[in-house]
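1. below is the structure, and that's it, no one-letter string:
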Ligand SMILES: NC(=O)c1ccc[n+]([C@@H]2O[C@H](COP(=O)([O-])OP(=O)(O)OC[C@H]3O[C@@H](n4cnc5c(N)ncnc54)[C@H](O)[C@@H]3O)[C@@H](O)[C@H]2O)c1
Ligand SMILES: CCCCC=O
């Protein structure tokens, strides 16, 4: 299979190139090899993409929801038919093991297109009766041109989670993938065209932050949906505010995972593994602060390390591999700096911590024990396979410590006392909570953060409100009275 893209951008229903843009190498994280190259969008490419999206929008919005939905659902079917090919591409883009990408990426994208394709026909307003037979009705209208900006950890999923609700509501989109993972969104654009989306409905332009900023600042853009870090979120949110644009901000986290001493030990360890080492720890909602109640701390740590020793690091394209490389040398260096900081500040390295010899950006799954709330590794998002284990005595204490962060993306509780579980999650300052499980994100459920972790929600019926607005129409049936 060839991984090099046909061209850098996808505009107005076909691939587009402008070699004048700065070259961006596409690097396969498992080997460090350059497997392709794209060019950052020049101002001319940005202009073409926005003009195309603007031109296409009224006609796309004028189609019925049934018609738009049918196209989205057809795209979902094509994605499912090509799941293996798309999963391999996701693995080349990100380095995530094929074992994972086969079930978590294109499939999640297809779910979003299917779900919002199904909802499209039912997007309607309300009828509100008024005295004397007058009435008010509301209609739900598209916002216009939306911009999607992606992070590198889930390139297919992020493109689809943004495109599906946006397009279902009658918007068009210009999407900028992360410069680290430029491949997958192009395929989604190609598939949407094949499924019948008119030219300009979904466009992809490549580039770094400057291209993202050019899109966000353009007056034709009505809404910006960013998946990225909190510092980028602050910049993009501020730029969008200047233009009074709608935003969805899916940002970073430092989520707590609380394990009470009555939890089923192996389930709690599974939750900690899913919440720290899936996608080599590069998941926004990860429960990287694992608070374990003192009574089971030693047993938990022993079992966790025992199970980590069975992780299979290696060639991500080998379906037996279940732990892949970091996405890039740069991200690996960031994580290694955090590991050094953890050791320097007195945490005890209980497992891993080393880069794997040989090519590629492989880092062992890493566990720190004896972590305290003040340590850097307990406060900052690391975005790599590093779990911090903290101890606690009681419920009240752990809730206070869990919430003592600027982030609020997710949180989890493992306990067999369900009353306690519900009591605790009700008080966690987090947009998404888990009881006796971790890191699920089905399309039917809202996903997103509170506090610095974000604004708005992706997925579920909630996302519709973030990609449309309501128009109110007052109708008089009995003439009009005026004071003079
Ligand atoms: N909450 C979520 O759903 C979610 C999901 C995945 C990743 N993330 C977060 O993403 C981060 C990792 O991804 P990353 O390193 O790619 O994030 P990042 O913030 O560095 O970049 C995100 C995107 O923003 C673009 N960008 C950078 N500066 C910009 C600017 N000034 N204007 C417009 N666009 C700009 C980048 O080119 C990239 O496409 C982590 O913090 C992670 O938690 C959040
Ligand atoms: C659980 C899926 C979350 C996607 C963000 O990284």
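-> Here it is on my side, so go on. As the structure is a computational prediction, the values presented were derived from the model and not from experiment. Numbers count the residues shown, from 1 in each chain. Ligands and ions are numbered 1, 2, ... in the order given.

2. which elements pack onto whichever strand or helix holds residue 298?
-> Applying DSSP states H and E as the criterion places residue 298 in helix 297-308. Using 3 or more C-beta pairs under 8 Å, 6 or more residues apart in numbering; DSSP states H and E as the contact test, the elements touching helix 297-308 are helix 265-274, strand 348-351, strand 366-369, strand 386-392. (Glycine included, C-beta is placed from N, CA and C.)

3. and of these, who's closest to ligand 2?
-> Closest approach to ligand 2 among those (C-beta to the nearest ligand atom): helix 265-274, 9.2 Å.

4. got the buried residues for the closest one?
-> Counting neighbours by 16 or more other C-beta atoms under 10 Å, one finds that the buried residues in helix 265-274 are 265, 268, 269, 270, 271, 272, 273, 274.

5. so the last one makes contact with residue 439?
-> Translated: residue 274. Yes - the pair residue 274 / residue 439 is scored as a contact, 4.9 Å apart, by C-beta atoms under 8 Å.

6. secondary structure element for the residue in the chain positioned nearest to ligand 1?
-> Residue nearest to ligand 1 within the chain (C-beta to the nearest ligand atom): residue 212, separated by 2.3 Å. Here residue 212 sits within helix 209-217, counting by DSSP H and E.

7. does ligand 1 sit close to the helix or strand just after that helix?
-> Downstream of helix 209-217, the first helix or strand assigned by DSSP H and E is strand 221-227. Yes - Strand 221-227 lies within reach of ligand 1 by C-beta under 6 Å from any ligand atom, at residue 227.

8. next: stretch 433-443.
-> No - interface with ligand 1: stretch 433-443 contributes nothing (C-beta under 6 Å from any ligand atom), its closest point being 8.5 Å away.

9. buried residues, that stretch. List them.
-> Quick answer for stretch 433-443 (16+ other C-beta under 10 Å): 433, 434, 436, 438, 439, 441, 443.

10. could you identify the most distant pair in those residues?
-> With C-beta to C-beta as the measure, no two of the buried residues of stretch 433-443 lie farther apart than 436 and 443, at 21.6 Å.

11. quick check: residues of the stretch 1-150 of the chain near ligand 1?
-> Counting by C-beta under 6 Å from any ligand atom, the stretch 1-150 of the chain sits next to ligand 1 at 149, 150.

12. and the residue of the chain most remote from its centre, how far is that from residue 441?
-> Centroid-distance maximum for the chain: residue 484 at 57.7 Å, with C-alpha atoms, centre = their mean. With distances taken as C-beta to C-beta, to the nearest Å, residue 484 is found 60 Å from residue 441.

13. next: residue 122.
-> Distance from residue 122 to residue 441, by C-beta to C-beta: 23 Å.

14. chain center to the lengthiest helix in the chain, what's the gap?
-> Longest helix in the chain by number of residues (criterion: DSSP state H): helix 43-62. Distance of helix 43-62 from the chain centroid (C-alpha atoms, centre = their mean, to the nearest Å) equals 24 Å.

15. then stretch 278-291?
-> Centroid displacement of stretch 278-291 relative to its chain, using C-alpha atoms, centre = their mean, is 13 Å.

16. please apply the same query to stretch 380-390.
-> 18 Å.

17. quick one: the helices in the stretch 301-450 of the chain?
-> 329-344, 376-379, 395-403, 418-427 (DSSP state H, counting those that start in this stretch).

18. now these as JSON lines including mean neighbour count and distance to residue 238?
-> Listed next are the helices of the stretch 301-450 of the chain as JSON lines, based on neighbours: other C-beta atoms under 10 Å; distance: least, C-beta to C-beta, whole Å:
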{"stretch": "helix 329-344", "mean neighbour count": "16", "distance to residue 238": "24"}
{"stretch": "helix 376-379", "mean neighbour count": "18", "distance to residue 238": "24"}
{"stretch": "helix 395-403", "mean neighbour count": "17", "distance to residue 238": "26"}
{"stretch": "helix 418-427", "mean neighbour count": "14", "distance to residue 238": "31"}
